[in-house]
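Chemist: All I have is the shape, not the residue letters:
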């Protein structure tokens, strides 16, 4: 099973398909302060990616897959906090 949903952490492994997006979305909505582990994920369907982007869970295990690490991880990272120098 590519999506394992526990009390506070969703672990995504292997190929996460469109069929996995709906239970993942429901879990993200119902879980207070959700976390996601992507270490073993090799493919993430765009529907699942959109659910993750909308919910903004904390990533506790970044993807080891080079493509996901390069292109998906930045989309799930929290936005940078502006500094005083950036405001000037």
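Modeler: Noted; the coordinates are in hand. Since we're looking at a predicted model, the values are computed, not measured.
Chemist: From now on I want contacts and neighbour counts done on CA atoms only, so please keep to that.
Modeler: OK.
Chemist: What residues sit buried inside stretch 55-68?
Modeler: Buried residues in stretch 55-68, counted by 16 or more other C-alpha atoms under 10 Å: 56, 57, 58, 59, 62, 63, 68.
Chemist: biggest strand in this structure, by residue count?
Modeler: strand 35-44 (DSSP state E).
Chemist: Following that one in sequence, what is the next regular element?
Modeler: helix 46-55 (DSSP states H and E).
Chemist: Now the element after that following helix, going C-ward?
Modeler: strand 58-61.
Chemist: Which strands or helices does that next one pack on?
Modeler: Counting contacts by 3 or more C-alpha pairs under 8 Å, 6 or more residues apart in numbering; DSSP states H and E, strand 58-61 packs against strand 35-44.
Chemist: strands paired with the strand it packs on, and their directions?
Modeler: The sheet places strand 35-44 alongside strand 9-16 (parallel), strand 58-61 (parallel), with pairing taken from DSSP bridges.
Chemist: Skip ahead from the first one and say which helix or strand is next.
Modeler: Okay, so that is strand 9-16. helix 18-30.
Chemist: Ok, the last one next?
Modeler: Note on strand 58-61: by DSSP H and E, the next helix or strand toward the C-terminus is helix 66-67.
Chemist: Report the mean confidence score over that following helix.
Modeler: Average pLDDT, helix 66-67: 96.
Chemist: May I see the buried residues of stretch 27-47?
Modeler: Under 16+ other C-alpha under 10 Å, the buried positions of stretch 27-47 are 27-28, 34-44, 47.
Chemist: Which residues does that stretch contact?
Modeler: Residues from elsewhere that reach stretch 27-47 (C-alpha atoms under 8 Å, 6 or more residues apart in numbering): 2, 5, 7-18, 21, 51-52, 55, 57-65, 68.
Chemist: Give me the mean pLDDT for it.
Modeler: 96.
Chemist: Can you give the distance of it from its chain's centre?
Modeler: 4 Å (C-alpha atoms, centre = their mean, to the nearest Å).
Chemist: could we number from 116 for the rest of this?
Modeler: I'll keep to 116 as the first residue from here, and by that count the last item is stretch 142-162.
Chemist: Need the distance between the two termini of it.
Modeler: 14 Å (C-alpha to C-alpha, to the nearest Å).
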